[in-house]
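Visitor: Below: sequence and its predicted model.
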Protein chains: 2
Amino acid sequence: MYSNIMIRLTPQKLTELVAERGLKMTPQRRAIVECLAATRVHPTADEVFMDVNRRFPMTSRATVYNTLNLLIDAELVNIIEESGVKRFDPNLEPHHHFICSTCGMVEDVEATDRLETTMLNTGGHQVESMQITLRGTCALCFEVKND
Amino acid sequence: MYSNIMIRLTPQKLTELVAERGLKMTPQRRAIVECLAATRVHPTADEVFMDVNRRFPMTSRATVYNTLNLLIDAELVNIIEESGVKRFDPNLEPHHHFICSTCGMVEDVEATDRLETTMLNTGGHQVESMQITLRGTCALCFEVKND
DNA sequence: TCATGATATTAGAATACATCTAAAAATGGA
DNA sequence: TCCATTTTTAGATGTATTCTAATATCATGA
């Protein structure tokens, strides 16, 4: 399902960001980025917080939120909002999402050129990005339903 | 920009819903639906609350949230989540959205057949709906920036 | 290496949005 | 009109995020 050439957030990208902006490299920032870089489940802020605290107990929520916001601001992480929950997506390759209405799972869907070429009438606004969200029942939940 | 044939939530639809489910018709429910039916700005729950309170002072937030959730459950209203804010959309015609990154404005974008025919590889999941979100700078904000 | 100044982290308070609760009020059918 | 049921209400509670200000850490230059 996933190819290996996907562009992803890496610890190296954090180092670049920190240098660019005159920020400081900290173990917390590194741990948060490593957590994001290692997962494909689009974790929530709380999931990142808990993951980081396994390795760095005493990491505060404020630091997790600050770092996530820093990464979003730098466009190294995208945000997905669904059912009142924000999820963080470190996949930098243009792509879309499938969200399961039953279990809430969010999965990346490869973008195709065909769909990127939009014919939508946007009423004179400057369009900078396009995001498709597919909703439905994931293969697993569908199986559970029909047994 | 908007055609007149758009399918929209109407007070009549509320009446039908209430009859269908054995619920009761109340002035609060009617006022909330009238507020939604009359607007194209995709109001937040708080905006609905304030609008309804202009005509019905003492309407509680709980009632507004209950009614909005009832309408969402009945699929008479759709929800748009952006920047941590939920907005309510009474346009029932399949359509997409443009969101201005500067002012936060959400505008409906007509759906075209061409785009509905998706060629996306969805990895064996059952896709039930497709929602496109375009982001950028709206005509007004673009003008302000460039003067 | 160390001192220095700037930046980051922390715990807990504050805020914002949404839901829950239980008592009072309103609805609509008999 | 009466009555059972549903709805509404104000305020409490819950949940996610941001703010605060004191403390700790980082990285530069001496």
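Guide: Ah, there it is.
Visitor: and the spatially most central residue of chain A, what is it in contact with?
Guide: For chain A, the residue sitting closest to the mean C-alpha position, by C-alpha atoms, centre = their mean, is A:Asp89 at 0.5 Å. Residues counted as contacts of A:Asp89 (C-beta atoms under 8 Å, 6 or more residues apart in numbering or on different chains) are A:42, A:77-80, A:97, A:106, A:108. C-beta here means a position set from N, CA and C on the backbone, and glycine is covered the same way.
Visitor: let's see 7 Å
Guide: Residues near A:Asp89 by C-beta atoms under 7 Å, 6 or more residues apart in numbering or on different chains: A:42, A:77-78, A:80.
Visitor: okay, these in TSV with secondary structure and neighbour count next?
Guide: Formatted as TSV, the contacts of A:Asp89 follow (DSSP: H, G, I helix; E, B strand; the rest coil; neighbours: other C-beta atoms under 10 Å in any protein chain shown):
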residue	secondary structure	neighbour count
A:His42	coil	25
A:Val77	coil	22
A:Asn78	strand	19
A:Ile80	strand	17
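Visitor: Can you tell me which of the residues you listed is nearest chain B?
Guide: Distance ranking of those against chain B, using C-beta to the nearest C-beta, places A:Ile80 first at 9.3 Å.
Visitor: Show me the domain layout of chain A.
Guide: What automatic domain parsing lists as the domains of chain A is A:11-89, A:95-145.
Visitor: is it true that A:Glu93 lies in a helix?
Guide: No: when classified by DSSP: H, G, I helix; E, B strand; the rest coil, A:Glu93 is found to be coil rather than part of a helix.
Visitor: Show me which residues of chain A sit near chain B.
Guide: A:1, A:81-82, A:86, A:96, A:98, A:107, A:109-110, A:112, A:114-115, A:118-139, A:142 (C-beta under 7 Å from any C-beta of the partner chain).
Visitor: Restricted to strands, list those.
Guide: Of the positions in the residues of chain A next to chain B, A:81-82, A:86, A:96, A:98, A:107, A:109-110, A:126-137 sit in strands, assigned by DSSP state E.
Visitor: how much space is there between A:Thr59 and chain B?
Guide: From A:Thr59 across to chain B, the span is 23 Å (C-beta to the nearest C-beta, to the nearest Å).
Visitor: which phi and psi does A:Met105 have?
Guide: Main-chain torsions, A:Met105, degrees, to the nearest 10: phi -60, psi 140.
Visitor: Can you tell me how far the closest residue to it other than its chain neighbours is from B:Glu128?
Guide: Spatially, and ignoring its direct neighbours in sequence, A:Met105 is nearest to A:Cys138 (5.5 Å; C-beta to C-beta, 6 or more residues apart in numbering or on different chains). According to C-beta to C-beta, to the nearest Å, A:Cys138 stands 11 Å off from B:Glu128.
Visitor: So which of the two has more stuff around it?
Guide: A:Cys138 (23 against 10; other C-beta atoms under 10 Å in any protein chain shown).
Visitor: For the more buried one, which residues are in contact?
Guide: Counting by C-beta under 7 Å, 6+ apart, A:Cys138 has contacts A:100, A:103, A:105, B:125.
Visitor: quick one, helices of chain A?
Guide: A:11-21, A:27-38, A:45-55, A:61-73, A:113-116, A:139-145 (DSSP state H).
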